[in-house]
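Student: quick one, what's the 3D model for this:
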Amino acid sequence: MVPVLILIAVVLIGAITLTVIGLRSPDRVDNRALQNRLEEFTSKGESVDLRKLELSQPFTERVIYPVARKLGELAIKFTPQNALNSISRKLELAGSPAKLDPTMILAMQFIAGIGFGALISLVLTLGPTKMATGKLILISGLFTALGFYFPQLWLSSKISKRQDSIRKAMPDALDLLTICVEAGLGFDAAMAKVSEKWQTELSMAFARVIAEVQLGKIRREALRDMADRIGLAEMTSFVAAVIQSEQLGVSLSKVLRIQSDQMRMKRRQLAEEKAHKVPIKMLVPMVLLIFPALMVVLLTPAALRMMHSGLGQMFGM
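Tutor: Predicted coordinates:
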């Protein structure tokens, strides 16, 4: 067990060392937040105490966030560019949750991997039963890998939830777009109405398109970028239909009505598909949980009667 304890000590010392390096970094405070606070105090004509101003910020902004960013910047140096591009793409599809960037995701992977591995090593080492060194290292390595990939699994879950939310909201949003266009509004104004009416992922995506168009971006490019950020086949089809209607001069209201009907039919088909999968998904809990309980309830009385009868004595029960 001595080599294992040495390994755990080295891991913990390394984590503490990296933490101390992050804490001693001169730029450990978010410069923008600090600058805003400084401007607030100076505009009032008050004297500014930088130490008090820094300590007035939340603990996460003063310590945890800067340390995590330092760890992420260190991990970036050893991460291939393809992996960084993959993380950036997943963050884009997830809608940039909590305004995270690849640096923070790598920091989360590093911290989760080291934390899971060190924790399970300590639990198994200090437990009542002793375990072979090789088995302990293997289990610790598995938990380290699990902790390392946990942020990736979290991102994938965020992507699925966002895409499901957009898929469910599209038929109603397209209905409102159709009504607004038929009432005489332009397509941009109709998208603005949708973004104002609901606070969903789809409405936020529409609001970003409107903002990009107002800044001078061509509308079809802004729509294509929106479809790329969402990554849904339904959204890609909708954007392609809108762009094609503009190029061919087709009535936009008719195109939107057709797209709305197709989205509603697609949503109904997905609901039916999920309903058909329910019996198959119920097999596992039924076989593992419900059937054993039923067998115990049904067979226990019969077994007790056999024990008190001649059959029980015959079989030595």
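Student: right, and Trp75 touches Phe110 too?
Tutor: Quick fix: residue 75 is Ala, not Trp. Yes - shown here, Ala75 and Phe110 form a contact pair, counting by C-beta atoms under 8 Å, at 5.3 Å. (C-beta placed from N, C-alpha, C; glycine too.)
Student: quick one, which of the two is more surrounded?
Tutor: The residue with more neighbours, out of Ala75 and Phe110, is Phe110; 20 against 17, by other C-beta atoms under 10 Å.
Student: didn't that one look like it was pressed against Gly72?
Tutor: Yes - using C-beta under 8 Å, Phe110 is in contact with Gly72, at 7.4 Å.
Student: where in the stretch 101-250 of the chain is pLDDT low?
Tutor: Scanning the stretch 101-250 of the chain for pLDDT under 70 picks out nothing.
Student: what do you get if the cut-off is 90, keeping everything else the same?
Tutor: 101, 103-141, 143-148, 168, 171-172, 182-186, 197-199, 234, 245-250 (pLDDT under 90).
Student: now the helix or strand encompassing Met306: buried residues?
Tutor: Using DSSP states H and E, Met306 falls within helix 291-307. For helix 291-307, the neighbour count (16 or more other C-beta atoms under 10 Å) marks Met306 as buried.
Student: so how far is that helix from its chain's centroid?
Tutor: Offset of helix 291-307 from its chain centre (C-alpha atoms, centre = their mean, to the nearest Å): 46 Å.
Student: gap between the nearest residue to Cys180 once chain neighbours are set aside and Gly216?
Tutor: Sequence neighbours aside, Ala190 is the residue nearest to Cys180 in space, at 3.6 Å (criterion: C-beta to C-beta, 6 or more residues apart in numbering). Going from Ala190 to Gly216 by C-beta to C-beta, to the nearest Å gives 20 Å.
Student: ok, Pro279 next?
Tutor: To Gly216, Pro279 is 54 Å away according to C-beta to C-beta.
Student: from the chain's centroid, how far away is the helix or strand that Val278 is a member of?
Tutor: Following DSSP H and E, the helix or strand that holds Val278 is helix 252-285. Mean C-alpha position of helix 252-285 versus that of the full chain (C-alpha atoms, centre = their mean) differs by 23 Å.
Student: now do stretch 214-222
Tutor: Put simply, stretch 214-222 sits 29 Å off its chain's centre (C-alpha atoms, centre = their mean).
Student: kindly report the same for stretch 202-217.
Tutor: Centroid separation between stretch 202-217 and its chain, computed with C-alpha atoms, centre = their mean, is 23 Å.
Student: contacting residues around it?
Tutor: Stretch 202-217 is contacted from outside by 95, 165-166, 169-170, 173, 188, 191-192, 194-197, 219, 222-223, 225-226, 229-230, using C-beta atoms under 8 Å, 6 or more residues apart in numbering.
Student: among these, which ones are in helices?
Tutor: In this view, the contacts of stretch 202-217 that belong to helices under DSSP state H are 165-166, 169-170, 173, 188, 191-192, 194-197, 219, 222-223, 225-226, 229-230.
Student: ok, the closest residue to Ser165 other than its chain neighbours - contacts?
Tutor: In space, and not counting its chain neighbours, Ser165 is closest to Glu201: 4.9 Å by C-beta to C-beta, 6+ apart. Contacts here follow C-beta under 8 Å, 6+ apart; on that basis Glu201 touches Gly95, Arg162, Ser165, Ile166, Ala169.
Student: which of these count as buried?
Tutor: Buried by 16+ other C-beta under 10 Å: Gly95, Arg162, Ile166, Ala169, out of the contacts of Glu201.
Student: pretty sure the last one sits against Thr200.
Tutor: Yes - with contacts counted by C-beta under 8 Å, Ala169 reaches Thr200, the gap being 4.9 Å.
Student: end-to-end on stretch 195-209?
Tutor: 10 Å (C-alpha to C-alpha, to the nearest Å).
Student: name the nearest residue to Val250, sequence neighbours excluded.
Tutor: Val250 sits nearest to Gln244 (C-beta to C-beta, 6+ apart), 7.4 Å away.
Student: and the angle for the helix or strand hosting Cys180 with helix 252-285?
Tutor: Assigned by DSSP H and E, Cys180 belongs to helix 133-182. Here helix 133-182 runs at an angle of 150 degrees relative to helix 252-285 (axes from the mean of the first three to the mean of the last three C-alpha atoms, to 10 degrees).
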